[in-house]
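Peer 1: Pasting the sequence and the predicted coordinates here, then a few questions.
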Amino acid sequence: MPSYWYEVEIGDVADVVAGGTPKAGDKSNFAEPGTSIAWLTPADLSGYKQKYISHGSRDLSQKGLDLSSAKLMPEGALLFSSRAPIGYVAIAANPISTNQGFKNFIFTDCVDSSFAYYYLRSIRGLAESRGTGTTFKEISGATAKKLPFILVPLAEQKQIAAKLDELLAQVDTLKTRLDAIPAILKRFRQSVLAAAVSGRLTEEWRETAVITCSTKDLLDEIEKRRLVAWNKECERVGRKRKYKGPAEGDMDELHRIPSSWAWASVDRLSSKVVDGVHKKPQYQSNGVPFVTVKNLTAGSGISFDNVNYISEEDHSEYYKRANPETGDILISKDGTLGVVRQIRTNIEFSIFVSVALVKPVYTDMSDYLELAFSSLPVQAQMVGVGTGLQHIHLTDLRQDMIPVPPLEEQTEIVRRVEQLFTFADQIEQRVIIAQSRVNHLTQSILAKAFRGELTAEWREQNADLITGENSAESLLESIKAKLVKMKPVKQGRARKKVST
């Protein structure tokens with residue numbers, strides 16, 4: 001840093017004041033925010049992005065202030081959290097008190113509040129490193145007084161603060177724009193799926209495409225295979241059942257599809273639609289994976305990283321009812337509704353009641369069915385019922401309607417969707433990288449500011465504002481004199497501003 005800047009301890013240039021809390025069990029110690037004496041806890045600064053703060057989530061009553069060690073900080077005081085966590089900082093926009101989770105710094109008018117605010121933000125990591133404690137880290141009043149502070153001529157302090165206001169506002173704008181992109185990409189993906197299941201995505205393709213098997217022929221073939229699959233299932237479980245034709249859904253209010261397409265119920269396209277075991281099994285340290293909703297929501301596929309295990313005996317029993325296999329579709333049906341995952345693994349597992357299993361008759365349709373189930377037009381049919389925890393009834397799921405194109409068009413739809421999704425994924429990865437860089441940019445700019453790099457040119461043009469009576473050395477002497485004259489902060493009384 002510039003040679004004429006001074007590195008001092010905060011206790012040399014500021015009054016360090018702790019806060020306090022009255023008895024929490026006495027409601028009369030507190031008041032609604034904005035109605036009495038402003039009071040902060042570190043939680044009030046969690047996620048808080050403004051420089052100034054006027055009050056927290058609740059105020060203290062005069063009684064609460066009088067019966068606690070809380071003290072009223074003057075407007076312009078720096079409020080610095082000293083535990084849970086260390087390093088949140090804001091400037092008091094008005095007289096305000098804090099709980100004991102703060103070490104507050106009252107500077108004289110020789111230190112610009114904005115300059116001190118940005119400096120304290122820049123040393124958060126250092127402050128955290130000096131915290132002690134087992135339950136949670138905390139810095140004591142003595143430690144807070146020994147935190148370093150850089151004393152800069154007052155005119156340059158104001159210049160640094162103004163530069164940081166400008167640059168960090170630009171960083172915040174950039175961060176806001178980057179943070180908005182994932183939601184835009186989510187809407188883009190849903191738009192792609194909506195176009196896919198409405199026929200818009202392959203509208204031009206259909207004009208020249210050669211279709212070898214119509215949708216009607218496909219559905220007729222599915223019906224034949226469904227009967228065969230029914231008989232095989234009866235043999236698998238050792239129980240003969242009369243064949244049950246597919247449930248048909250409501251054709252009202254379905255969106256328009258190409259004339260070469262057809263609507264078909266989930267039941268019509270499936271050999272089985274069931275959910276998993278209805279009782280919670282006995283878990284063990286290893287064995288057969290037992291998949292619940294959490295394993296469908298922990299990423300883009302089926303996650304086995306945090307899976308529970310059941311015994312081979314339990315699995316054999318549960319597998320008679322629900323036998324998930326490669327190409328089948330899993331759908332979350334309890335709590336978090338409508339998460340869709342195609343099984344792309346040969347790992348054998350069982351499922352809980354919160355997960356529905358859809359076994360496509362035609363496994364060549366699995367890729368298309370996965371994206372169709374994920375589209376908003378089909379998701380809108382998966383209406384949850386019940387008070388509190390929502391559920392999708394299997395009866396309703398079987399009757400949900402799927403737009404079915406010919407197989408050749410299904411393949412083309414899947415290809416185009418994957419291509420567009422890959423494009424979106426690439427953008428998303430670039431955004432993640434950019435967000436990481438932007439998150440580091442703030443600290444980089446702060447570091448430059450307190451090395452003197454942001455004001456190098458300004459100093460060359462304004463030598464008279466940083467030398468002589470305006471120098472940091474003279475400023476330090478003035479601060480020491482004013483600190484001697486400053487009266488101790490009295491409980492319940494606002495700090496008077498020091499005049500020069």
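Peer 2: Good, I have the coordinates. No experiment lies behind these values; they were computed from the predicted model shown.

Peer 1: Check which helices and strands the longest helix anywhere in the chain is in contact with.
Peer 2: The longest helix of the chain (DSSP state H) is helix 154-198. In this structure, helix 154-198 packs against helix 113-122, helix 366-374, helix 376-379, helix 407-449, helix 456-461, with contacts taken as 3 or more C-beta pairs under 8 Å, 6 or more residues apart in numbering; DSSP states H and E. To be clear about C-beta, it is placed using only N, CA and C from the backbone, and glycine gets the same treatment.

Peer 1: Would you mind listing the buried residues in the third one?
Peer 2: The neighbour-count check on helix 376-379 (16 or more other C-beta atoms under 10 Å) flags 377-379 as buried.

Peer 1: and it, how far out from the chain's middle?
Peer 2: Helix 376-379 sits 25 Å away from the centroid of its parent chain (C-alpha atoms, centre = their mean, to the nearest Å).

Peer 1: circling back to that earlier point, got JSON lines for the helices and strands packed on helix 154-198, with mean pLDDT and distance to L483 too?
Peer 2: As requested, the helices and strands packed on helix 154-198 are arranged in JSON lines below (pLDDT from 0 to 100; distance: least, C-beta to C-beta, whole Å):
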{"stretch": "helix 113-122", "mean pLDDT": "97", "distance to L483": "15"}
{"stretch": "helix 366-374", "mean pLDDT": "97", "distance to L483": "65"}
{"stretch": "helix 376-379", "mean pLDDT": "94", "distance to L483": "64"}
{"stretch": "helix 407-449", "mean pLDDT": "95", "distance to L483": "25"}
{"stretch": "helix 456-461", "mean pLDDT": "93", "distance to L483": "27"}
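
Peer 1: Including distance to F149, could those go into a markdown table?
Peer 2: Shown next, in a markdown table, are the helices and strands packed on helix 154-198 (distance: least, C-beta to C-beta, whole Å):
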| stretch | distance to F149 |
| --- | --- |
| helix 113-122 | 7 |
| helix 366-374 | 55 |
| helix 376-379 | 55 |
| helix 407-449 | 14 |
| helix 456-461 | 20 |
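
Peer 1: Nearest to A247, out of those helices?
Peer 2: helix 376-379 (15.9 Å; C-beta to C-beta).

Peer 1: next helix or strand past that closest one?
Peer 2: Counting by DSSP states H and E, the next helix or strand C-terminal to helix 376-379 is helix 394-399.

Peer 1: so what secondary structure elements neighbour that following helix?
Peer 2: Helix 394-399 packs on strand 270-275, strand 355-360, going by 3+ C-beta pairs under 8 Å, 6+ apart.

Peer 1: now those in JSON lines, with distance to R321, mean neighbour count and mean pLDDT?
Peer 2: Formatted as JSON lines, those follow (distance: least, C-beta to C-beta, whole Å; neighbours: other C-beta atoms under 10 Å; pLDDT from 0 to 100):
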{"stretch": "strand 270-275", "distance to R321": "6", "mean neighbour count": "21", "mean pLDDT": "95"}
{"stretch": "strand 355-360", "distance to R321": "9", "mean neighbour count": "24", "mean pLDDT": "97"}
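
Peer 1: what's the closest of those strands to W39?
Peer 2: Nearest to W39 among the helices and strands packed on helix 394-399 is strand 355-360 (47.9 Å), distances taken as C-beta to C-beta.

Peer 1: Perfect, that will be all.
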